[in-house]
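> Could you look at this predicted model? Sequence included:
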Amino acid sequence: MDPILAALSPALLALVEGSLSNDEVSSDEEMRETLIRSGLTEEQARRALTYRDQYLHHIYLEGFTPITSADQALHFNPHTRQFTPD
């Protein structure tokens, strides 16, 4: 797990990953502010944003995401219809 984001509660981690995956409209600055208002520190919010492109381009298997399992992240491959390593 990402060491800077490891302290997040499961609910806050779900909020972060959901935001990274689904918010295509907010700027990075707007998302950073939203994450801080939700309970992340400045450092945690900035680190979370480093994953934004990955989450916007891939659908990850729960528990095998870039934040929770960087070395074993699995994303959905629409051609094979299976989850494959990054």
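Okay, I see it.
> Tell me where this structure has strands.
According to DSSP state E, the chain carries its strands in the segments 74-77, 82-85.
> Pick the most deeply packed of these.
Mean neighbours per residue, mean count of other CB atoms under 10 Å, is largest over the strands of the chain for strand 74-77, with a mean of 16. Glycine gets a C-beta too; all of them are placed from N, C-alpha and C.
> Name all residues that make contact with the nearest residue to residue 20 once chain neighbours are set aside.
In this structure, residue 20 finds its nearest non-sequential neighbour in residue 55, 3.7 Å apart by CB to CB, 6 or more residues apart in numbering. Neighbour list for residue 55: 17, 20-21, 65-66 [criterion: CB atoms under 8 Å, 6 or more residues apart in numbering].
> so what's the nearest residue to residue 52 once chain neighbours are set aside up against?
Closest residue in space to residue 52, ignoring its immediate chain neighbours: residue 20 at 5.3 Å, by CB to CB, 6+ apart. Residue 20 makes contact with 48-49, 51-52, 54-56, according to CB under 8 Å, 6+ apart.
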